[in-house]
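Colleague: Sequence isn't available, so here's the structure alone:
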């Protein structure tokens, strides 16, 4: 096996089968059914229709559509990298979820020596998978499927640890995952692409453009993400009014960012025309920006303003920051994830902190201590008993104040960014190892490298100009020869 | 800024930002959470899992798919107007929903000086949005995004008023919106296109055709509309058996019209081949035709017959009526909305009236007074008490007879058509104002006007014939010059 | 009307209208509402929100997406048969469901002289429809829409009878339909294609390839099937933990087969590249393989292994078995249904039998007698009373042992395969009758035959080479003429 060959014939099967054996062994030793899935634990007190599957499965299915179809189509925007975008997304997502079931299982669903499995684990695993796919956006077209699987293999555990720190220990508000998902994914992806820097790509690449069809397919992906984003942002919030608000705010935020994206796309283009890249990406900014405060009582108007702000930051990022990052900081960010997930994630974090500082019993009533569960009085505090009269199931919290919590949010922000950036850089170093089928610069963004690509009518016609030129030169040469005279060489 | 320029650079951002400021101000002053969304109104008696979001969100999500993906793909059928079809649909729909939340909010969800917001408002707003998008079908490819936003700005309030008259005052049966949504949208759209008449388009337009790919994308849109149409028709019906029937009838109606569409497409074509335009549009006729009686006990067989009838009317409309309307009545109806929404809407209205006249306690039992709530006895009528023993929650009605109600349906039909037609004409006049970036005739149905269109392999090959011709002429000219003789000019 | 003409002008409308009249008459005589849909049967004890429509409709909608969009896109993979794949799927599916409502209605929902209709019937009918569409895969591109409707007309009743035997009489475990749906569909389709054998197609066909766009569309179909397959496999299982497990196992099985498919695709290709046909088909194998035991306590690890096994069998089938079947056994299986549904179905059946033999009260607790209802004690057995204390609603069973049941599964396997194969052969003979617009060999896989296909830019460019050649010859001829000399003929 040659060191730098890009043939997948040996390396992909070897890696995949190794991963599969690992997964099967770990599943068979550690994974069992949870109490909603285990037949043995059902009895005459369990109501089949109250099984949590009926609460979780609709959100799971919606997020599946986002992951496999939304991301898949969105990433298929390159001229001749549609297969790569859609299909490597499929491959990477599939493995990331399998792997996240194990990794997150150890952190969150492990007891009695086993990981307990239900659809709720799948939803969590899909979030980890979304993280990997966002990071993938930074290196789209520059990585082999072998590298992508290795990236997923490494990113999921780093994410698992961060999630464990942030969710279990810092206990932050981040219902839509702006910090934990979007910022983590962004800085991890930037770390990877920093190491995988390819100077030649800064000069532009002949395959980097789009076609009419690829733009349409990509915007279809955007629409799937847009439509189901409320399910993404609300899937893990508290049931009831919290989830209801999360849906409303996500919709309003996306809606505001979409309108703004169209305005800015026209405003910032030289010829007053819209750009499809803006429609494909910038319209989605609002979904991230509302994330950290999506379940709070921020009011519909503020959700709208957040959508506008996020969109503006994202658009300016694409226009001015991305070229700068690529040329000066070795950060070649193919899909501009720093704009769509980084800048918007930062705004979202700040908005979340403001919303936390402003949250009061006046606005939330006693359910303040549910939405902000860490503010509930600690076990033993007499105030807890008072509150439990109002909200029967209220659990003891940490007795934090709003200001203390704001600090925790900042700590979470800092640690997420640092861990992810370092993790990304280290992962990038691993991806530079030989035998991982990394494409040469010339074959970046080109499906020919990893796929048997059908010879299209399109492609057939591509060869026509060559044919003409050949014939033309032929005729001219012949004519010149005939005249034995070079005076007509202007024709060439 | 030039009066007739089609550059969006200034006009689109100016309009969008003005609308956004308007929306934000109105949202912040008037829009608050409803009692299912407001944390303050939750207490130990409210069950989170009984929040109405769980009844409404699945239907909301399905209709989102129809609006953004179904309509988006369906409207992308023109050869070089795929971006316009899919993306202007995205823009217009987004604004229409934002705006309808306010307009319908004032009519239906306004109390205590505020509009109260939950997912149920979003479903209502999506219906208003569907109205705008159907009307858009009449002027597809002939209008700028600026004009489309202005159209949405004007159409939503006119629709809001009509809805208020028809639903709140006339109190009609129209679960699937055949009168209120489809007929309104149709005659509004025809009013607009009447004013925007472009004689030159009657001669045919080089960009008006489809391609293999655009036909496939468009039929994909049809399939999304087809699959989720039952959710559209049942979203606002009474829960329980009414909603169950609405789903059944919509499915059966669509199913019958699909089969019929294939038969008629073959029958009416000269060469015995199927036409994709028929598959894209006429198959959907049944969804409209069952609309006005979709929740009633019409029987599955009648739903089937309605699907067949609607499809036949729609197909004949495309074949014979549309060309006549375009040439004689200045009604250039790009997508044939008069066939798919107008003719079918009329049949549906008549079917609805028949179903109302035939409805009896024998068929419906006491739930007659729920499905036809205006027939319930008035407050104070002793019969009301009797019925309330059978149906505990039954509300007092208007004590109308079936025949009276039939009259109300006719009045609703008449007023909907008149208001919408007049509203459409007036809106058309506004859209003719300068500075709205209206495309010239030549650039109708052409994405080049408003988008940075990628240079495709397709397009690259388009220039090949020109290149050849140029070279060919070059060679000939040279040869002739060489011989100093015009006798070979037949080659040109 | 000519015997072998392929014009649809008369034959399609005649057949469709005949079928529609048949359906309308039978619906009006025999079909009524079931007790969840009939207004008359609602009273003050029925809770609208407990209507079964809320349990069934989400699964129905998901399967609709699979049938109309998933299958539709997947079957659009041929270069110039995208319309045929997507649109004939639409036509055939629509009729198959209408027809299955009647056929299955007579077998399963018939009482008081009527077929009783609710959304649950539609789910059942969609399964029958899936059967027809899988069989369609064997003859894709070689059959006219008239033939496809006739095939649906004949296959649905044969399936109905088989279902009646297997489900009502043999009472087998087959939640995901591996035996009843996949194996039936496979062997029926093979029976049909055996009779419709076209020797010339074994030499390859110029239209049989794919294009870049058609491959992308087809993989999009795969993704829709992949995402919603858990809904397919769980729609008719017991509510509660059984359904929960079915979702988990389907997801895990698909996930394992996807990863394996990528590995094998690279491993078995000569140049170490991935093939899109593998991504489109082989990734789905796991969904079938887990089918027969999908609701049982097989453990997540075993679901994973089943996915890997099914995928391997499927891939080897495509690679080695399909060419053999086509050349030696006259089985030209266009989509390779024998690999994706046959081989996997066999593995699934064996796995199901093993799971049945291993099932014990130790693993399942008393709910053993629900998941394996035939093992519940018979009416009158005192053990039944004991169990009913633990599970209040438990119904009397047949008192079968696990081994007895294994035998029943084998009998079901045998009878399903025999009935379907014979049914397929007989149906094939009917499809060979004249007047059914069967395409000639030359026009197989060609949309030109049955559709008005738009003249694409693509196609326009196809004619360019011809144009060049013509001009080139012209110039050369002229030049030679000019010189009166043949010495330059090397240019030709």
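Modeller: Arrived safely, thanks for sending. Note that the structure is predicted; figures quoted are calculated from it, not measured. Residues are numbered from 1 along each chain as shown, chains lettered A, B, ... in the order given.

Colleague: Count the neighbours of the spatially closest residue to residue A:343 that is not a sequence neighbour for me.
Modeller: Residue nearest to residue A:343 in three dimensions, not counting chain neighbours: residue A:313, with 4.3 Å by C-beta to C-beta, 6 or more residues apart in numbering or on different chains. (C-beta placed from N, C-alpha, C; glycine too.) Other residues near residue A:313 number 21, with proximity taken as other C-beta atoms under 10 Å in any protein chain shown.

Colleague: now residue A:313: how far from residue A:339?
Modeller: Note on residue A:313: its distance to residue A:339, by C-beta to C-beta, to the nearest Å, is 8 Å.

Colleague: Next, show the common contact partners of these two.
Modeller: Residues touching both residue A:313 and residue A:339 (C-beta atoms under 8 Å, 6 or more residues apart in numbering or on different chains): residue A:285.

Colleague: model confidence over the helix or strand hosting the residue nearest to residue A:343, on average?
Modeller: Per DSSP states H and E, residue A:313 falls inside helix A:300-316. For helix A:300-316, mean pLDDT rounds to 98.

Colleague: Same check on stretch A:91-103?
Modeller: For stretch A:91-103, mean pLDDT is 98.

Colleague: And for stretch A:254-274?
Modeller: So the average pLDDT for stretch A:254-274 ends up being 97.

Colleague: how about stretch A:208-228, does it reach chain C?
Modeller: Yes. In terms of C-beta under 8 Å from any C-beta of the partner chain, part of stretch A:208-228 sits within range of chain C, namely A:213, A:217.

Colleague: Only the buried residues of that stretch, if you could.
Modeller: Within stretch A:208-228, the residues that count as buried by 16 or more other C-beta atoms under 10 Å in any protein chain shown are A:209-228.

Colleague: Please apply the same query to stretch A:391-411.
Modeller: By 16+ other C-beta under 10 Å, the buried positions in stretch A:391-411 come out as A:391, A:394, A:396, A:397, A:399, A:400, A:402, A:405, A:406, A:408, A:409.

Colleague: Sketch out the strands for chain A, chain order is fine.
Modeller: For chain A, the strands defined by DSSP state E occupy A:31-33, A:110-111, A:114-117.

Colleague: Find me the pLDDT at whatever residue of the stretch 201-350 of chain A ends up closest to chain C, would you?
Modeller: Relative to chain C, the nearest point of the stretch 201-350 of chain A is residue A:213 (5.9 Å; C-beta to the nearest C-beta). Residue A:213 carries a pLDDT value of 96.

Colleague: Could you verify my assumption that it touches residue B:212?
Modeller: No. At 10.7 Å, residue A:213 does not count as touching residue B:212 under the criterion of C-beta atoms under 8 Å.

Colleague: Quickly list the domain ranges of chain A.
Modeller: Using automatic domain parsing, the domain ranges for chain A come out as A:11-358+A:401-449, A:460-491.

Colleague: What's the end-to-end length of the longest one?
Modeller: Using C-alpha to C-alpha, to the nearest Å, one end of domain A:11-358+A:401-449 lies 14 Å from the other.

Colleague: ok, how many other residues are close to residue A:270?
Modeller: 7.

Colleague: if I look at it, how far off is chain B?
Modeller: Using C-beta to the nearest C-beta, to the nearest Å, residue A:270 is found at 8 Å from chain B.

Colleague: now do residue A:337
Modeller: 22 Å.

Colleague: do residue A:291 as well
Modeller: Plainly put, residue A:291 is 18 Å away from chain B if you go by C-beta to the nearest C-beta.

Colleague: Let me see the contact set for the residue lying closest to that residue once chain neighbours are set aside.
Modeller: Excluding its sequence neighbours, the residue lying closest to residue A:291 (C-beta to C-beta, 6+ apart) is residue A:176, at 2.7 Å. For residue A:176, the contact set (C-beta under 8 Å, 6+ apart) comprises A:232, A:233, A:246, A:250, A:287, A:288, A:290, A:291, A:292, A:294, A:348.

Colleague: Give me the phi and psi angles of residue A:176.
Modeller: When read as degrees, to the nearest 10, the backbone of residue A:176 gives phi -90, psi 0.

Colleague: what about it, distance to residue C:257?
Modeller: In this structure, residue A:176 and residue C:257 are 32 Å apart, going by C-beta to C-beta.

Colleague: Over to residue A:384?
Modeller: For residue A:384 relative to residue C:257 (C-beta to C-beta), the value is 51 Å.

Colleague: Give me the more crowded residue out of the two.
Modeller: Between residue A:384 and residue C:257, counted using other C-beta under 10 Å, residue C:257 has the larger neighbour count: 32 against 18.
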